[in-house]
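# Give me coordinates for this.
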Amino acid sequence: MFTALKLTELTFIRLLLRIFNVFGIAPLTLVQQGPQKEVRFVSSRLAVLYTYAFIGTIGVSNVMTVNAIYTQRYEKKMSLFHIIDFCEIFLGTFVTTMILCTNCLKNRTFSAIATKIYRINESIGQLSAFEDGSGNKACNKARRGAEHCFSIVGLIGFHALLTLIVLSSSAFYQENFVLFVSGATRNFVITWLCLQYAVIVKILQRSFSRINDLLRNLAGGRDAARINNNPVKNIEMKNRYVIKNGHFDETTMPQLIAKASELHYALVRTIDEVTGFYDYTILGAVIYIFVCLVVFSYFILDYIIEKRIFSTVEYVNLFLWIVSFMSAFIALTMYVTKTLNEEVSINLHTITNVFSRQPLSSRIEVLRLHGMTSKHRVNELYADPSKLTELEKMLE
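Modelled structure (predicted):
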């Protein structure tokens, strides 16, 4: 069953990569290497060449669009709005080119981040195998996992449908086909970049939620407090987090605590890396979306301003782009907020409780697993436990 779930997960990831490859924002491919079939994200030369060709298409189509708009739509007359419209085209061309070039030049960084996120999720899944999988708790976990998958599938599916509708409307742009291509390429890259960032943040949010649940239980959550009041069920609580073969291994609990805290810290560092990678590209995308909304608003109100009426398909496209931009931006904002809430929901007090609830030998073992103490210092820690508290604060 685990193998089937993993294959389904890999198929879903490959599908997402193919979708992002179409828009040139993920020149990666997924491979399985070694006897253990370890999953890695690596650079794809074919995808990189496609991205550079996509950049060329954007440049040529936008140059032709500027000439066509200036000579035909505006009849070589410039007003304030005409200048804003041209600024939207130039800004969109610059931002999309910057996004695609960044993805190509930082391809190895992107593949390393993607591999790290996958490995962290895989490690969290292995830790979750030690938890009790029965009762309402297992049902709640399964429900949260299903909601996580459905939210990503729903978001991608909705925007894929919008993309198909916009592409199908190209049949009505026979005379202004270059104008359609230039606008569509710019807007598609911006929209799907926001979606890509939203999907990655959503995956990180789910990872934080899973590791935080484990840390809360280790620190003495509501379930742990209820079980610890019953000396008979205290053994069940240990077995829940230790091993499935029915006996308790004293060295396994410290290993679990060390691994859980290490994964939590790795997630925090990964969020910093993801934020640094998307920093300027997302900022440029948000600025472009704002300028586009100003231009779209003018086109909608153009009948009142200049008594000009555009075709029905142009108004439909304007509406679709507004919906596409706003839904992608709202999803990104919502997922970022939830991820930040998950990141700060586990405070130092909770992590401190994880260590303070353990016996002295287990606490020393956790520090040893983190490489913060050596064999010759173990006797000193047993003799003076106050030094142990100082080391644990350094670990936090």
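
# Quick one: the helices in the stretch 151-300 of the chain, in order.
177-219, 222-228, 234-241, 252-300 (DSSP state H, counting those that start in this stretch).

# hey, which of those helices is tucked in deepest?
A comparison of the helices of the stretch 151-300 of the chain by mean neighbour count, using mean count of other Cβ atoms under 10 Å, puts helix 177-219 on top with a mean of 22. (Glycine included, C-beta is placed from N, CA and C.)

# out of the helices of the stretch 151-300 of the chain, which comes closest to residue 163?
Of all these, helix 177-219 sits nearest to residue 163, with 6.8 Å by Cβ to Cβ.

# would a markdown table of the helices of the stretch 151-300 of the chain with mean pLDDT and distance to residue 14 be doable?
Below are those laid out as a markdown table (pLDDT from 0 to 100; distance: least, Cβ to Cβ, whole Å):
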| stretch | mean pLDDT | distance to residue 14 |
| --- | --- | --- |
| helix 177-219 | 86 | 14 |
| helix 222-228 | 40 | 37 |
| helix 234-241 | 41 | 34 |
| helix 252-300 | 84 | 21 |
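
# Distance to residue 56 added to those, as CSV?
Compiled in CSV, the helices of the stretch 151-300 of the chain are given as follows (distance: least, Cβ to Cβ, whole Å):
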stretch, distance to residue 56
helix 177-219, 11
helix 222-228, 58
helix 234-241, 56
helix 252-300, 19
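
# among those helices, which is nearest residue 95?
Nearest to residue 95, of the helices of the stretch 151-300 of the chain and by Cβ to Cβ, is helix 252-300 at 4.1 Å.

# Helix 177-219 and that closest one, what's the angle between them?
If you take axes from the mean of the first three to the mean of the last three Cα atoms, to 10 degrees, helix 252-300 sits at 150 degrees to helix 177-219.

# Adjust the sequence numbering to begin at 34 for everything that follows.
New numbering, starting at 34: the last item is helix 285-333.

# Show me what helix 285-333 packs onto, helices and strands only.
helix 113-138, helix 140-161, helix 210-252, helix 267-274, helix 345-378, helix 381-389, helix 393-402 (3 or more Cβ pairs under 8 Å, 6 or more residues apart in numbering; DSSP states H and E).

# rerun at 6 Å
helix 113-138, helix 140-161, helix 210-252, helix 345-378, helix 393-402 (3 or more Cβ pairs under 6 Å, 6 or more residues apart in numbering; DSSP states H and E).

# now these in JSON lines, with distance to residue 53?
Formatted as JSON lines, the helices and strands packed on helix 285-333 follow (distance: least, Cβ to Cβ, whole Å):
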{"stretch": "helix 113-138", "distance to residue 53": "9"}
{"stretch": "helix 140-161", "distance to residue 53": "11"}
{"stretch": "helix 210-252", "distance to residue 53": "6"}
{"stretch": "helix 345-378", "distance to residue 53": "13"}
{"stretch": "helix 393-402", "distance to residue 53": "38"}
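
# before we move on, the earlier item: of all the helices of the stretch 184-333 of the chain, which one is nearest residue 87?
helix 210-252 (7.4 Å).

# Give the ranges of residues in this protein that sit below the confidence cut-off.
34-40, 109, 161-180, 206-208, 251-288, 339, 341, 377-429 (pLDDT under 70).

# Could you verify that residue 64 is part of a strand?
Yes - judged by DSSP: H, G, I helix; E, B strand; the rest coil, residue 64 forms part of a strand.

# C-alpha coordinates for stretch 228-247, CSV please?
Taking C-alpha atoms only, stretch 228-247 is exported to CSV below (Å, rounded to 0.1, in the frame of the first residue of the first chain):
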residue,chain,number,x,y,z
LEU,A,228,0.6,29.2,-8.4
GLN,A,229,3.9,27.4,-8.3
TYR,A,230,4.9,29.5,-5.2
ALA,A,231,1.5,28.8,-3.6
VAL,A,232,1.8,25.0,-4.2
ILE,A,233,5.3,24.9,-2.6
VAL,A,234,4.2,27.0,0.4
LYS,A,235,1.1,24.8,0.8
ILE,A,236,3.3,21.7,0.9
LEU,A,237,5.6,23.3,3.5
GLN,A,238,2.5,24.3,5.5
ARG,A,239,1.3,20.7,5.5
SER,A,240,4.8,19.5,6.6
PHE,A,241,4.9,22.0,9.5
SER,A,242,1.4,20.8,10.6
ARG,A,243,2.5,17.2,10.7
ILE,A,244,5.8,17.8,12.5
ASN,A,245,4.1,20.2,14.9
ASP,A,246,1.5,17.6,15.9
LEU,A,247,4.3,15.2,16.7
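
# Could you report the distance from the residue lying closest to residue 142 once chain neighbours are set aside to residue 116?
Among residues not flanking residue 142 along the chain, residue 310 sits closest, at 6.4 Å (Cβ to Cβ, 6 or more residues apart in numbering). To residue 116, residue 310 is 33 Å away according to Cβ to Cβ, to the nearest Å.

# Ok, residue 99 next?
Relative to residue 116, and taking Cβ to Cβ, residue 99 is found at 12 Å.
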